[in-house]
Each structure stands twice: as structure tokens, then as C-alpha cells.
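S.K.: prediction below, plus the sequence it came from.
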Amino acid sequence: MLLWLLLAAMTGLAAFTLLWPLARIAAVAPAPAPDDAAFYRAALADIDHDRARGLIGEREADAARTEAARRLLRSEAESHPVVTGVSSLRRRKTAAVIALIVVPALALPAYLAAGSPQLPDQPLAARKAVDPSAISVAEAVARIEAHLARNPDDGAGYDMLAPVYLRMGRAADAARAYSAALRLNGETPERLAGLGEALVTGAEGVVTAEAQDLFTRASAAGFNPRAGFYLALAREQDGDREGAAQAFEKLIAASPADAPWLPAAREKLAALRGTPAGGEAVAALPESERDAAIRGMVARLAERLATNGGSVDEWSRLIRSHMALGEKEKAAQALGDARKALGADATQPLDALSRELRL
């Protein structure tokens, strides 16, 4: 009931505001001096003349024109005063009827149809709250960064931010965040391996001595797949292909069947062994038949991807297989085809593969 009383009072106030000016008898304003309008027109011409001669700037000229035009319009309006007569009185009565009857008659049904008077009010805090699922990654990162700027000793914030930086390709920021998390929260295999991966990413895929030390420390407490992968990669980069292959085999054997790192580990092992991934049975063939079988598998994979497309893992497998066969030009061609087929979504993994294989 209180709501309806408030609405009625507001409607009455609005009507009063509209009717008050209409109830007044308009006075006939004395006409201004006959030279006022001519004076302001001359002022406008003088402003344009001064601007053309460069005596004033464009901004000052615009401001002067606006003021002179405003005064000219007021002068013109005052030179034609409004005289209230019978027709004017009739218009006021018509406006009063519209304000008092027609407007409320239209507003009330519209409010009943579209309004929701039964809903409770929503506090300011609730209106300002944002659904976390609607926040973009960049916005979430900005919020955490702002929090850490105010609370630089919050190790949990660095733990949260470091892997996000790494996924965004911000290797230097990820390395700093992992370093801060290690300093504030202490060593764990995940933090050590995360910092190592950030260093490898920053070094364009090269497992540096510092990163290798971090991976070794991460593996000291037990199996760590990320550390194991990069330690195997370090062996390959050091020229120990057999040791790298054995390390990848150990990683694959110790991993769950649905582990997300398995496809990459299998591709690396296949490249080291000289067989396409999934072609272990080919290794049992006589040497005279093995090369032809491998090339046939690679050709079929290339044909299928060219015809039907495929995932980034399948394109990576084809590129690595060409490299294992010594076909660097075909590997580079396959890399270009993969970029065209997969678009911007695969830019980061394909760039990493290109740096790794030096394509």
C-alpha cells in the first residue's frame, strides 16, 4: 500500500511541475534594442575573420562562436514575445487534461505489465557482485595482480598466478611468480617443476642447466611427470638419444592411461626410435621392409590430415615423423599446412614445436 501512495504522490508532483508554468500569465517581454541581433551577427563574422588571419586558435574560435550564437538566439527569441490569448488558454487546458488523466492512465497499465513491485530490493553489494564464471582470464589476472601489489607476501596468490602466466605464454612473469611462491611457501615438486618449465619456455624450449637442476630436485621426492618429461628432453638435447628414449619409455610406463602428457611423450619416443607414434609393430619387421612401412604410414597420415584435417597432436605427429625420416622440407611444409588448418588456436603449440625442431 505504501508503494502505491508513493507512486500517486510522485505522479501528482510530476503533474504539478508540468502545470505550474501553464497556469502563469505570460508577460510580454520588452523588445531588445533593435541593434542587438545585428551586433551578434557582426561578432560572428569578426570571429571568422580573426580565425582566418590566425589571430585566434580553432578551439578559442569555436568557444567564441558558441557564446555569440547563444546570445544571438536569445536576442532573436526576445524580439518576438509570446502574447497569451484565447488560443493559448485552450492549449493550456488541453495540456492539463493530458497531464492529469492521460499520462497516469497510460503509465499504470504499463507498470503493471512490465514492473515487478513484489520483488525485494537488491542491495548495492549484491548489484556490484560479479559472477566469477563471467570474468575473463585477463580480468582475473588483473585482480590477483592488484591484490598482490597490496599484499606482496601472500604466497597463495603467487601459487595461483604462476601457472596462469605460464599458460598465457608469459614465461618471465611465470618464473618470477614461481620464485616468489618458493620463497614464501617453501619447496614442493610442483613449484620446482613449474619454475623449471617457465625457464625452458623462456629459453625457447632449451632445457638450461638451471632448469635441469630444478627438475632433478623435483624428482627427488618421487615420480613427477613434468620433471620426468623435461629431464628426458634434456638428454635428447645433450645428444643422448638412447638415454632420452629410455627416459620417455619410463615416463610412459609410470603414467596413467589417460594422462594428458602421454601423447607428447609418445611422439618424442617415436621420433627418437625413428617410427611414427602407434607404429611400434613396424619395428618388428625386417629392416628391408621397415623403412617402406614407416614411409607408407607417414604418407597415409599426411593424406588423411590434408583431406579431413585433424588435431594439433596429429599434425605434430606428422611433423615429427617427417623429421625422424630426415625429411625436413616436408616437415616445414606440414607445419605450414597445420597453421592454415588449425588457425590461431594452435599458434602457441606449433610455435613451440617449430623452435624445438628448429624449423
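M.R.: Happy to help now that I have it. Residues are numbered from 1 along each chain as shown.
S.K.: in what helix or strand does the residue nearest to residue 182 when sequence neighbours are not counted lie?
M.R.: Once flanking residues are discounted, residue 182 sits nearest to residue 191: 5.1 Å by C-beta to C-beta, 6 or more residues apart in numbering. Backbone N, C-alpha and C define where each C-beta goes, glycine included. Element membership for residue 191 (DSSP states H and E) is helix 189-202.
S.K.: picking that back up, list the contacts of the residue nearest to residue 182.
M.R.: 159, 162, 178, 181-182, 185 (C-beta atoms under 8 Å, 6 or more residues apart in numbering).
S.K.: okay, those in TSV with secondary structure, neighbour count and distance to residue 204 next?
M.R.: Shown next, in TSV, are the contacts of residue 191 (DSSP: H, G, I helix; E, B strand; the rest coil; neighbours: other C-beta atoms under 10 Å; distance: C-beta to C-beta, whole Å):
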residue	secondary structure	neighbour count	distance to residue 204
159	helix	20	26
162	helix	25	20
178	helix	28	18
181	helix	25	24
182	helix	20	23
185	helix	14	29
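S.K.: and the strands in the stretch 151-300 of the chain, which stretches?
M.R.: Remark: no strands are assigned in the stretch 151-300 of the chain by DSSP state E, counting those that start in this stretch.
S.K.: poorly predicted segments of it, please.
M.R.: 274-290 (pLDDT under 70).
S.K.: my guess is residue 337 contacts residue 306, does it?
M.R.: Yes: if you go by C-beta atoms under 8 Å, residue 337 and residue 306 touch, sitting 6.9 Å apart.
S.K.: more neighbours: the two, which one.
M.R.: More neighbours surround residue 337 than the other of residue 337 and residue 306, with 17 against 13 (other C-beta atoms under 10 Å).
S.K.: contacts for the helix or strand hosting the more buried one next, please.
M.R.: Using DSSP H and E, residue 337 sits in helix 328-342. Here helix 328-342 makes contact (C-beta under 8 Å, 6+ apart) with 302, 305-306, 309-310, 312, 315-316, 318-320, 322-323, 346-347, 350, 353-354, 357, 359.
S.K.: quick one, which of those are buried?
M.R.: Those of the contacts of helix 328-342 that meet the buried threshold are 302, 305, 310, 312, 315-316, 318-320, 322-323, 346, 350, 353-354, 357, 359, by 16 or more other C-beta atoms under 10 Å.
S.K.: does residue 193 touch residue 214 like I think?
M.R.: Yes: taking C-beta under 8 Å as the definition, residue 193 is a contact partner of residue 214 at 7.0 Å.
S.K.: these two: which is more packed in?
M.R.: Between residue 193 and residue 214, counting by other C-beta under 10 Å, residue 214 is the more crowded of the two (28 against 24).
S.K.: and for the more buried one, nearest residue in space, chain neighbours not counted?
M.R.: residue 196 (3.7 Å).
S.K.: just the terminal-to-terminal distance for stretch 147-165.
M.R.: 16 Å (C-alpha to C-alpha, to the nearest Å).
S.K.: still on that earlier bit, would you mind listing the buried residues in the helix holding residue 337?
M.R.: Buried-residue list, helix 328-342, by 16+ other C-beta under 10 Å: 330-332, 334-335, 337-339, 342.
S.K.: again with stretch 201-215
M.R.: Buried residues in stretch 201-215, counting neighbours by 16+ other C-beta under 10 Å, are found at 201-202, 205, 207, 211-212, 214-215.
S.K.: nearest to residue 136, of the residues you listed?
M.R.: Using C-beta to C-beta, residue 201 is the member of these that lies nearest residue 136, at 22.5 Å.
S.K.: so what's that closest one up against?
M.R.: By C-beta under 8 Å, 6+ apart, residue 201 lies in contact with 166, 169, 171, 174, 352.
S.K.: run the last query once more with 6 Å
M.R.: By C-beta atoms under 6 Å, 6 or more residues apart in numbering, the contact list for residue 201 reads residue 171.
S.K.: use 8 as the first number for this chain going forward.
M.R.: That works, and once the first residue is 8, the last one we named lands at residue 208.
S.K.: that one and residue 161, how far apart?
M.R.: 24 Å (C-beta to C-beta, to the nearest Å).
S.K.: can you check residue 271 too?
M.R.: For residue 271, the distance to residue 161 - C-beta to C-beta - is 33 Å.
S.K.: just residue 202 next, same as before
M.R.: Noted for residue 202: a distance of 18 Å to residue 161, by C-beta to C-beta.
S.K.: comparing these two, which residue is more hemmed in?
M.R.: residue 202 (26 against 17).
S.K.: quickly note the distance from the more buried one to residue 313.
M.R.: In terms of C-beta to C-beta, residue 202 sits 40 Å off from residue 313.
S.K.: and the pLDDT for residue 331?
M.R.: Residue 331 carries a pLDDT value of 81.
S.K.: actually residue 108, not the one I wrote
M.R.: pLDDT, residue 108: 63.
S.K.: hang on, the earlier thing: mind listing which of the contacts of helix 335-349 are in helices?
M.R.: 309, 312-313, 319, 322-323, 325-327, 329-330, 354, 357, 360-361, 364 (DSSP state H).
S.K.: which of those residues sit farthest apart?
M.R.: Among the ones in helices among the contacts of helix 335-349, 309 and 354 lie farthest apart (C-beta to C-beta), at 21.4 Å.
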